[in-house]
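*Asks:* sequence first, predicted model second:
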Amino acid sequence: DTEVTQTPKHLVMGMTNKKSLKCEQHMGHRAMYWYKQKAKKPPELMFVYSYEKLSINESVPSRFSPECPNSSLLNLHLHALQPEDSALYLCASSQTSGGQETQYFGPGTRLLVL
Amino acid sequence: AQKVTQAQTEISVVEKEDVTLDCVYETRDTTYYLFWYKQPPSGELVFLIRRNSFDEQNEISGRYSWNFQKSTSSFNFTITASQVVDSAVYFCALSELFRDNYGQNFVFGPGTRLSVLP
């Protein structure tokens, strides 16, 4: 089973709202990732968690706040977003982060900020 | 710095035609991995294949085949007898290790949008 699930599938929020994106995997993977993908562009890495610890933050604004409550779950908390943050947010996982592992992606959350 | 180029922005073919998607990469690492992912309109990135830099054996899997040539830094992907369901954006990616070895980054190419017409 190489399934990564993400909820919600779609999200519309105002600039003053607070919302969260959720990601879950049950493959026993110890590395999890958040990517942002704008239309007609490749995914861009935002955060990497390795063994539930944040290991990489690719200069993402503080209005995006990741959280890894356990090895299977990854959240992305959103607050005071801007319209330019509208995008597809993809979660991925891989067995470990130290090797050059295949990343398995979820279906994404399509976010629209009004 | 690592870089992945997919020169073909969009390709249209008629069903049953063969189509090759090009990928050229740059890296100074001696050990690296290359990947192909497919992204249908639903949005999910579907893993297709992984190759490491020491394995230049080309592979055929059903209608898919891959041609890895280290000498030209290319990792091309061919679909034989294309079908409408193959319509998607295809991304080539190169893996690198972060400087502190605590994470893996995929350097994605810009993608090639394939449209297979009935």
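*Replies:* It's in. Residues are numbered from 1 along each chain as shown, chains lettered A, B, ... in the order given.
*Asks:* next SSE downstream of the helix or strand of chain A with the lowest mean pLDDT?
*Replies:* One helix or strand of chain A scores below all others by mean pLDDT, DSSP states H and E: strand A:53-57, with a mean of 83. As assigned by DSSP states H and E, the chain's next helix or strand after strand A:53-57 is strand A:64-70.
*Asks:* quick one: strands adjacent to the least confident helix or strand of chain A?
*Replies:* Applying DSSP bridges, strand A:53-57 is found paired with strand A:44-50 (antiparallel).
*Asks:* the partner strand relative to strand A:64-70, how many degrees between them?
*Replies:* On the basis of axes from the mean of the first three to the mean of the last three C-alpha atoms, to 10 degrees, strand A:44-50 is oriented at 30 degrees to strand A:64-70.
*Asks:* now strand A:44-50: how far from the chain's centre is it?
*Replies:* 8 Å (C-alpha atoms, centre = their mean, to the nearest Å).
*Asks:* burial count for residue 28?
*Replies:* Picking chain A for this. Residues within reach of residue A:28, counting by other C-beta atoms under 10 Å in any protein chain shown, total 9. Where C-beta positions appear, they are placed from N, C-alpha and C, glycine not excepted.
*Asks:* should've been chain B
*Replies:* Counted with other C-beta under 10 Å, the neighbours of residue B:28 add up to 8.
*Asks:* next, count neighbours for residue 93.
*Replies:* No chain in the question, so chain A it is. 29.
*Asks:* right idea, wrong chain: chain B
*Replies:* Neighbour number of residue B:93 under other C-beta under 10 Å is 25.
*Asks:* and what of residue A:16?
*Replies:* Residue A:16 has 8 neighbouring residues, counting by other C-beta under 10 Å.
*Asks:* just residue B:19 next, same as before
*Replies:* The tally of other residues near residue B:19 (other C-beta under 10 Å) stands at 20.
*Asks:* just list whatever residues bridge to it.
*Replies:* Beta-bridge pairing for residue B:19 (DSSP bridges): residue B:79.
*Asks:* hmm, residue B:79 and it touching each other?
*Replies:* Yes: between residue B:19 and residue B:79 there is a contact under C-beta atoms under 8 Å: 5.2 Å.
*Asks:* does residue B:44 sit in a helix, a strand or a coil?
*Replies:* coil (DSSP: H, G, I helix; E, B strand; the rest coil).
*Asks:* equivalent analysis for residue B:71, please.
*Replies:* Applying three-state DSSP: residue B:71 is helix.
*Asks:* state the distance from it to residue B:53.
*Replies:* Residue B:71 is 12 Å from residue B:53, where distance means C-beta to C-beta, to the nearest Å.
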